[in-house]
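Undergrad: task: produce atomic coordinates for the following.
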Amino acid sequence: MSTESKRYLVRGDLAARTVETLKENVECPSLSPDGTRLAFKEAIDADPAKGWRLSVLDLATMRVTATGETGSVDDQAAWLDNATLAYTLRQDDGQPDVWSVPADGSGTPKLTIPGAESPSPLT
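TA: This is a model prediction of the structure:
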């Protein structure tokens, strides 16, 4: 949910007509295949003008782990499996590439598909 230039992760119950705020500064969430984590883009210092950090939220502990991608990721990540995220980064000339990175904060990003965008796993 977004309101007054702030972004929130919320949990709602349509039948009960309730909404509960879980965390601030969460945008473009993507649920892990096992349903235990959310990948999301987090505005650096809560200011989108400073860029976006690709992070993962553990839903049981509400602990956030930044991925090894330090560039600004203004994209909704896709889970390739329970351990790996894919996302688009644009080159200086605007051309897209799909990259992947471990979801647990370890490892380094790797170029996965040059010249592509909007990753989606095939199951």
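
Undergrad: report the beta-bridge partners for residue 12.
TA: The partner list for residue 12 in beta bridges (DSSP bridges) reads residue 19.

Undergrad: pretty sure it is touching residue 19, no?
TA: Yes. At 4.4 Å, residue 12 counts as touching residue 19 under the criterion of Cβ atoms under 8 Å. Any C-beta I mention is one placed from the backbone N, CA and C, and that applies to glycine too.

Undergrad: so where's the chain shaky on pLDDT?
TA: Along the chain, the parts satisfying pLDDT under 70 run over 123.

Undergrad: any idea which residue is closest to the centre of it?
TA: Among the residues of the chain, the smallest C-alpha distance to the mean C-alpha position (Cα atoms, centre = their mean) belongs to residue 40, namely 2.2 Å.

Undergrad: got a list of what it touches?
TA: Applying Cβ atoms under 8 Å, 6 or more residues apart in numbering to residue 40 gives the contacts 9, 26, 27, 28, 29, 30, 54, 55, 56, 57, 77.

Undergrad: what subset of these is buried?
TA: For the contacts of residue 40, a neighbour count by 16 or more other Cβ atoms under 10 Å gives the buried set as 9, 26, 27, 28, 30, 54, 55, 56, 57, 77.

Undergrad: between the contacts of residue 40, which is closest to residue 113?
TA: Distance ranking of the contacts of residue 40 against residue 113, using Cβ to Cβ, places residue 77 first at 14.3 Å.

Undergrad: that closest one against residue 84, yeah?
TA: No. With contact defined as Cβ under 8 Å, residue 77 does not count as touching residue 84 (9.9 Å).

Undergrad: what's the overlap in contacts for the two?
TA: With contacts taken as Cβ under 8 Å, 6+ apart, residue 77 and residue 84 have no neighbour in common.

Undergrad: out of the contacts of residue 40, who's nearest residue 105?
TA: residue 56 (7.5 Å).

Undergrad: and the closest one, that one's in a strand?
TA: Yes. When the secondary structure is assigned by DSSP: H, G, I helix; E, B strand; the rest coil, residue 56 falls within a strand.
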